[in-house]
Every structure is written in C-alpha cells, then in structure tokens.
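Colleague: Quick check, what structure comes out for this input:
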Amino acid sequence: ISSLSSDEAKRQYINKWTSENTGQKITELLPPGAVDTDTVLALVNALYFKGMWRNQFDKQRTFRGDFTCFGGKKMDIMMMHVEAHFPFEELADWAAQAVRLPFEGTDWQMLIILPRDANGLPRVLSHIRKPGVLEELLKRPFHETELDLFLPKFKLSQCEPVDAKALLERCGINTIFVAGLADLTKLCSSERLSVSDVFHKAILEVSFQIGYIHNKNGCVFEFITGFVKCA
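Modeller: Numbering: from 1, shown residues only. Predicted coordinates:
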C-alpha cells in the first residue's frame, strides 16, 4: 500500500481488507489517525469462523421468553430451542452446569457455562480465573446427555476497537512500545521499529443454524532514528 497517496487512503485500504476477510462484519478496525507519516508497517491478522451447528435449532420453535440477567433482572428476548444429545457436565463445585455445542464437520465447539442461580456469575468467573482451571475444564471428558436446550439468539460486539496497548502494558509487556528499547530486528532488520498502537475487535454471533466468530488484531509500527522517535 506504499503507493497510495495519503495516510488516510492507507488506513481505508487496511480497513477494506479487514472487512473483506471478516464477511463485512468488522469494517473499521483502525480508527482515524491510526496511520500517520511515522507509520512504516501495519501488521493485521484476522480470524473468521462460520460454522453450522451439529444440532441445529428449529427456527419454528423460537419464542419470546424471559432471560435472567446478572442481579435478577429479566429481559424479554428471542429464545432458541432444540432437543438433542450434547456433551454435558455438572460443575458441582461451581454450582453451575456446562454444555458444549459442537459445530458440524470440525472439532470446534462452543462452551457455555450456566450458573444455577441468578447471582452466580461472579462465582463462576472466580473459578475460571484461577490458573489452569479453564484448561482443565476444556480437557474434561463431558458426557453425552439428552438435553432440552434453550439458548438466547444473541450477538456480542464491541462498538469500537479495544486499545489493546493499555491491556498489554498492564500485563507487563512494555519494552515493545518504547522507542529505542524495542527489539524487532527479526521482523525488520533495516530499521529500528517500535509498536505505537495495538487494536483489537471481536464479534460473536449465535443464531439458529450458524455460529460466527470474528476476531481481528492490528499493530501499527513506527520508525525511529537512533533513540529519537519521529513524531
């Protein structure tokens, strides 16, 4: 894209590529100003998954029903329904239940954990956040069980891309963002680069026959001369 006339044209080109590779679900990964005269490299990767449920929900059996939110508040939403065998597990220590929804023709599955009470979400999250617990749960052999499964039709989407730079810095990843200290020579040996921004956006969409996962990351690199940032 070096042949494009302006920084804004380059940003729009990257966002167009993002849109094409996520089925037009993520159209604006890089916000205005993310690409400027100091930008020498933008590293963008995409994950786009569209899978058919192995046990598809019957659209004719969809109905409006109550969904209990955290704190006990109820919402009137569209509920999907299916009767089939699913990998299922009682999580007695968590006071919760877990079910895997397999996708057809693949090893991918969606894991859903349901607390047994309306205020049980913090308890479930406290278990998941313990080191190794989620990994152990994913390896656990669930048992095929006939279920009468009700699931909301939903879509989770970030309104704006997340500034992942701040999150990474809180995790202790700092040097890569510091001009003069970042060592990206295996990526580019001819110039001294540092990462100026990291953007992340994800969408999860669940409907009758299909589950979508759209995941997008972008890194913007800037060039420095010696130890002075060209800004």
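Colleague: Do a quick rundown of the helices in this structure.
Modeller: 7-20, 121-128, 133-139, 164-170 (DSSP state H).
Colleague: most tightly surrounded among those?
Modeller: helix 7-20 (a mean of 17; mean count of other CB atoms under 10 Å). Every residue, glycine included, has its C-beta placed from N, CA and C.
Colleague: who's the residue nearest the centre of the chain bridged to?
Modeller: Central residue of the chain (CA atoms, centre = their mean): residue 202, 3.9 Å from the mean position. According to DSSP bridges, the residues that bridge with residue 202 are residue 215.
Colleague: cool, the one 4 residues further on as well?
Modeller: With beta bridges defined as DSSP bridges, residue 206 has these partners: residue 154, residue 211.
Colleague: do residue 77 as well
Modeller: Bridge pairing for residue 77 - DSSP bridges - gives residue 65.
Colleague: And it, what's its pLDDT?
Modeller: What the model reports for residue 77 is a pLDDT of 89.
Colleague: could the helices of the chain be laid out in JSON lines, adding distance to residue 81 and mean pLDDT?
Modeller: Listed next are the helices of the chain as JSON lines, based on distance: least, CB to CB, whole Å; pLDDT from 0 to 100:
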{"stretch": "helix 7-20", "distance to residue 81": "33", "mean pLDDT": "88"}
{"stretch": "helix 121-128", "distance to residue 81": "23", "mean pLDDT": "91"}
{"stretch": "helix 133-139", "distance to residue 81": "26", "mean pLDDT": "90"}
{"stretch": "helix 164-170", "distance to residue 81": "37", "mean pLDDT": "84"}
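Colleague: how many neighbours does residue 163 have?
Modeller: Neighbourhood size, residue 163 [other CB atoms under 10 Å]: 13.
Colleague: Relative to residue 198, how far out is it?
Modeller: From residue 163 across to residue 198, the span is 7 Å (CB to CB, to the nearest Å).
Colleague: Same question for residue 77.
Modeller: Residue 77 is 34 Å from residue 198, where distance means CB to CB.
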